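Peer 1: Sequence plus predicted model, see below.
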Amino acid sequence: MEAVIGLDCSTSAVKALAFDRQGSVLATGRSRLPFAPDAEGRFEQDPEDWWRACRAALAELAAGLDGIEIAGLAIANQRETIAPLDAGFRPVRPAILWLDGRAAGDAAAMAEALGADHLHRVTGKIPDPNPALYKLAWMRRCEPERLGASAWFAEVHGYLVQRLTGRFATSTASADPLGVYDLAAKRYADDLLDAIGLSAARFAPALPPGTKLGGLTAEAARATGLQEGLKVIAGAGDGQAAGLGVNVMEPGRAYLNLGTAVVAGMRSASYRVGRGFRTMIAADGEGYILETSLRSGTLLCDWLTRDILGGDSALLTELEPAAAALPAGSDGVMILPYFLGVMTPHWDGAARGAIVGLAPHHGRAHLLRALYEGIALEQAGVMARIEAEAGLAAREIVAIGGGAQSDLWCAILADAHGVPVLRSATVEATSLGAAMAAAVGAGWYSGFAEAASAMAGAVTARFTPDAGRAALYARLRRAHAGLYPALRPFGAAPLT
């Protein structure tokens, strides 16, 4: 029997899964990554930890293969993170992670100097602190010696490919989120790199997903337990890979990842930009993903149950029946989920979350339902922006991630969007999307559409919108949209 490996190097763990031709999991491995802010609230990781966790996850998987032959391996990676390396590919400093906000001023300065519209048009992303372009501008300003000592600049995919194969190479769908890539031309953007004193020659050559990048070295084979020469194939960023894993190749299908953050997207055959979404190269390397992102997703569920209600994750299960029995609209309680600022559609890192409409008769279940509704209304709003700005309408949404296991939340999402929400059998959609790239590169399928059709998991539940509740949520969405401008002064500066 043959299998392909999807290696998901996320922010908090590396997960390796072996899949057969139907997308069934045959073996797994997992290793945690250190992940916490430092004393100044900055987020960094040692690239050596990526490699350590990659080795450990692959070695655990290899131990469970039991005679299964591996035809190829592809990577899905945390995006926008950047690692400066010396000439020997050793870290010059810790990698600056995607969620690190230190470059906010540099993003604003580059937008002023080069034009926010130009940056948006070239990179597909409105200037904000996430992309590596602005983190490198911060290094140029604050750590010029370290920048000067750096021979190479690697995102997670390129770094791991170099450690696995000895070749410094990456995927176009992994280079793209760095913000140094021209998405329409599908090449590094020389003018943006010139602005920070760098050149494309210091970044990994980017090849389309599904392309063979190299073979596993003897050293990497010994470290992982996999065979020397194993094909390492270009994958994609984790968001795009997750979309492929639930087959957003199908027109009109959107994905919604209800994880720590909430990420949703739709595939577009052509390049489009808009304020309501950010644009990424799709995991098939040909189309584009129009993506929305809310930094606070199940993170808020944890905050509510642990810090506000004094419980743990089991409290969610306990409260859901009572929350489901409440009327749509939570008896007037509404939550604005901007607890870590807002990306799409306002692009405001200073925005803050809020709970409004409280009265003495409200209890714990009201807060839980209002939280589910607040995120659902926010998502419905940004999906409407995609339709208005790009002309793409979702006819169905596939929900994945931990939050998708909640029947109540999925039902609220269906009502708020006015289209069916499907729960996928695919638990590890990101790894599966990477495995689909490996399957194409291994020659199992003629292309990504065929791979996605064959390997994507079945639908395990379907939530159909109720016409009455959908009409109510459409009205509530207008009220919810008014919270941000009304509360914006509270996030803009401390009130004294």
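Peer 2: Everything's here; your move. Numbers count the residues shown, from 1 in each chain.
Peer 1: who's in contact with the helix or strand of the chain with the lowest mean pLDDT?
Peer 2: The least trusted helix or strand in the chain, going by mean pLDDT, DSSP states H and E, turns out to be helix 483-492, with a mean of 85. Contact with helix 483-492 is made by 334, 336, 338, 341-342, 346, 348, 350-352, 354, 356, 495, as judged by C-beta atoms under 8 Å, 6 or more residues apart in numbering. For every residue, glycine as well, the C-beta is placed using N, CA and C.
Peer 1: how about those residues in CSV, adding pLDDT and distance to H120?
Peer 2: Shown next, in CSV, are these (pLDDT from 0 to 100; distance: C-beta to C-beta, whole Å):
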residue, pLDDT, distance to H120
M334, 97, 31
L336, 97, 25
Y338, 95, 21
G341, 88, 18
V342, 90, 17
H346, 92, 15
D348, 88, 16
A350, 85, 20
A351, 91, 19
R352, 92, 25
A354, 95, 28
V356, 96, 32
L495, 37, 32
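Peer 1: For these, which entry has the maximal number of neighbours?
Peer 2: Y338 (26 neighbours; other C-beta atoms under 10 Å).
Peer 1: follow-up on the earlier one: just the ones of the contacts of helix 483-492 in strands?
Peer 2: The strands, defined by DSSP state E, take in 334, 336, 354, 356 from those.
Peer 1: residues in contact with the second one?
Peer 2: Under the criterion of C-beta under 8 Å, 6+ apart, the contact partners of L336 comprise 353-356, 374, 480, 483-484, 487.
Peer 1: Tell me the most packed of these, by neighbour count.
Peer 2: G374 leads the contacts of L336 on contacts (other C-beta under 10 Å) with 28 neighbours.
Peer 1: Pretty sure V333 is one of the things that residue touches, is it not?
Peer 2: No. Counting by C-beta atoms under 8 Å, G374 stays clear of V333, with 9.2 Å between them.
Peer 1: Tell me the secondary structure at R462.
Peer 2: Secondary structure, DSSP: H, G, I helix; E, B strand; the rest coil: R462 is strand.
Peer 1: so which pair among the contacts of L336 is furthest apart in space?
Peer 2: The distance between the two most remote of the contacts of L336 (C-beta to C-beta) is 14.2 Å, for I355 and Y484.
Peer 1: can you give me the helices for the stretch 351-496 of the chain?
Peer 2: Using DSSP state H, counting those that start in this stretch, the helices assigned to the stretch 351-496 of the chain run over residues 364-390, 407-417, 429-441, 448-455, 467-481, 483-492.
Peer 1: on that earlier part again, Serialize the contacts of helix 483-492 to TSV and add fields for distance to S150.
Peer 2: Formatted as TSV, the contacts of helix 483-492 follow (distance: C-beta to C-beta, whole Å):
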residue	distance to S150
M334	47
L336	40
Y338	35
G341	29
V342	32
H346	34
D348	32
A350	31
A351	34
R352	36
A354	42
V356	47
L495	42
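Peer 1: List just the nearest of these to K135.
Peer 2: Of the contacts of helix 483-492, the one sitting nearest to K135 (C-beta to C-beta) turns out to be G341, at 16.7 Å.
Peer 1: Identify the residues contacting that closest one.
Peer 2: By C-beta under 8 Å, 6+ apart, the residues touching G341 are 295, 348-352, 491.
Peer 1: and if we set it to 7 Å?
Peer 2: G341 sits next to 295, 348-351 when contact means C-beta atoms under 7 Å, 6 or more residues apart in numbering.
Peer 1: which ones among the residues you listed are found in helices?
Peer 2: The helices, defined by DSSP state H, take in nothing from the contacts of G341.
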